[in-house]
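Asker: sequence unavailable; structure follows:
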């Protein structure tokens, strides 16, 4: 029975794991450079309360734009779009990344370090 449940869980989680890998990672250093050069649209998928507590500078609050994400993103489909959530084990970022990809954005990335990695790197946040 335990083996059956383990196999069942593995199959249930496999699509999530495979899909999560569809977006390349961006490092904190690369993201900081893109922010400084104003060459990125950053989306925080941690929820409204977390966003209010502190987010990566320039990040949009996904809870506010999810109803009409197309209006929040630029017309240029090659624009760098970066989504992030809590950290390396969080997959919530895929909601924003998938939405951008579905709209035709071709340069969608993931800050796998998330807000926890940003803070551990002693980077500043906005409130």
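Answerer: Structure received. Model, not experiment: these values are computed from the prediction.
Asker: what about the helices in the protein?
Answerer: Ranges of helices within the chain are 2-20, 28-36, 48-53, 62-65, 69-72, 93-102, 114-120, based on DSSP state H.
Asker: which outside residues touch the last one?
Answerer: By that I understand helix 114-120. 28, 44, 46, 50, 54-56, 84-88, 90, 93, 111, 113, 125 (CB atoms under 8 Å, 6 or more residues apart in numbering). Yep, even glycine has a C-beta here, placed from its N, CA and C like the rest.
Asker: can you check stretch 55-62 too?
Answerer: 31, 35, 40-46, 48, 51, 72, 83-84, 95-96, 111, 115, 118, 123-127.
Asker: can you select the buried ones among the residues you listed for me in ChimeraX?
Answerer: Remark: buried members of these, expressed as a ChimeraX selection using 16 or more other CB atoms under 10 Å:
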select :31,35,40,41,42,43,44,45,46,51,72,83,84,95,96,111,115,118
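Asker: please check the contacts of helix 114-120 and keep the buried ones.
Answerer: 44, 46, 50, 54-56, 84-87, 90, 93, 111, 113.
Asker: and these as CSV, adding distance to residue 102?
Answerer: Below are the buried ones among the contacts of helix 114-120 laid out as CSV (distance: CB to CB, whole Å):
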residue, distance to residue 102
44, 19
46, 21
50, 24
54, 29
55, 23
56, 23
84, 18
85, 18
86, 23
87, 25
90, 20
93, 15
111, 20
113, 25
